[in-house]
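Enquirer: Any chance you could fold what I've pasted below:
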Amino acid sequence: MPQLEVAGASLTYDDEGPRDGDGVPLVFIHGWTANRHRWDHQLAHFSEKRRVIRLDLRGHGESTGAGVRTIAELADDVLALLDHLEVERFVLVGHSMGGMISQTIALAHPDRVERLVLVNSISRMTYSRGRGLLMAVSTRVPFKLFVAANIQRAFAPGYPREEIREYIRASSATPREVVMTLYGAMRAFDVLDRLGEIRVPTLLVHGYHDIQLPVSQMLRMAKACPDAEVRILDAGHELPVEKPAELTATLDRFLTGARV
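Expert: This is a model prediction of the structure:
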């Protein structure tokens, strides 16, 4: 896989599909403790007709690098990759923390973003009492137990247990320093009052059973960005892998300008 050296990190990425395909490139950004393979279904589908770019964020998957203190620094990594690939204008699709990165880019560089899709993401981090307690004691429990508790909660009831175990194993490979530092970055992230500044076509897709970032928090975003389209699917927080075909179909309709 190709890699790019950026600010003390080596970013692994995929750049597939025809350069002269339909529309501007699609850029997929994964979430906290995940990796670029969250988007396997979307990459396979969209790269047949258009250019698709995805990366492992620093410290995740096959990328190296220490954690950073702000979401803006992760956005700088993504922009550095796109500049390296000479991609000036693009569609951003971000899941969870990847949606926070996408919002940051859209606000800082509105001329470069053609469309914006936020999947199971929010603009201001607010935790439930139970999740807040879990995070408060996280430094006192074994790291793998902390990761397992978070990933287990990310899936809707009934999702296959063995598949969840695989995602727990993959997430546990993310260094503790990266996980905890980026947790702080997400806690500090807050662009809710600026969301109305985003003028590009925007789609908010959320899982009905998401207890990590509940639907109620996403609806606050919809209120702040009244022109955004909203789609709620029968899934938990890990919508890209729980309902990959439904998400891909939803993206397809949005990208062609049809109502989702």
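
Enquirer: which SSE is residue 205 in?
Expert: Assigning secondary structure by DSSP states H and E places residue 205 in strand 202-207.

Enquirer: That strand: how far from the chain's middle?
Expert: 12 Å (C-alpha atoms, centre = their mean, to the nearest Å).

Enquirer: And the helix or strand just after it, what's buried?
Expert: Going down the chain from strand 202-207, the next helix or strand is helix 215-224, by DSSP H and E. The neighbour-count check on helix 215-224 (16 or more other C-beta atoms under 10 Å) flags 215, 217, 218, 221, 222, 224 as buried. For every residue, glycine as well, the C-beta is placed using N, CA and C.

Enquirer: In contact with the third one: list those residues for me.
Expert: Applying C-beta atoms under 8 Å, 6 or more residues apart in numbering, we find residue 218 in contact with 120, 121, 122, 204, 206, 230.

Enquirer: so what's the fifth one closest to, chain neighbours aside?
Expert: The shortest distance from residue 206 to any residue other than its chain neighbours is 4.6 Å, reached at residue 218 (C-beta to C-beta, 6 or more residues apart in numbering).

Enquirer: picking that back up, whichever of the contacts of residue 218 end up buried, select them in ChimeraX.
Expert: To isolate the buried members of the contacts of residue 218 in ChimeraX, using 16+ other C-beta under 10 Å:
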select :120,121,122,204,206,230
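
Enquirer: of all the contacts of residue 218, which comes closest to residue 248?
Expert: Lowest distance from residue 248 to those (C-beta to C-beta) belongs to residue 120, with 15.0 Å.

Enquirer: List the backbone torsions phi and psi for the closest one.
Expert: Dihedral pair for residue 120: phi 50, psi 50, per degrees, to the nearest 10.
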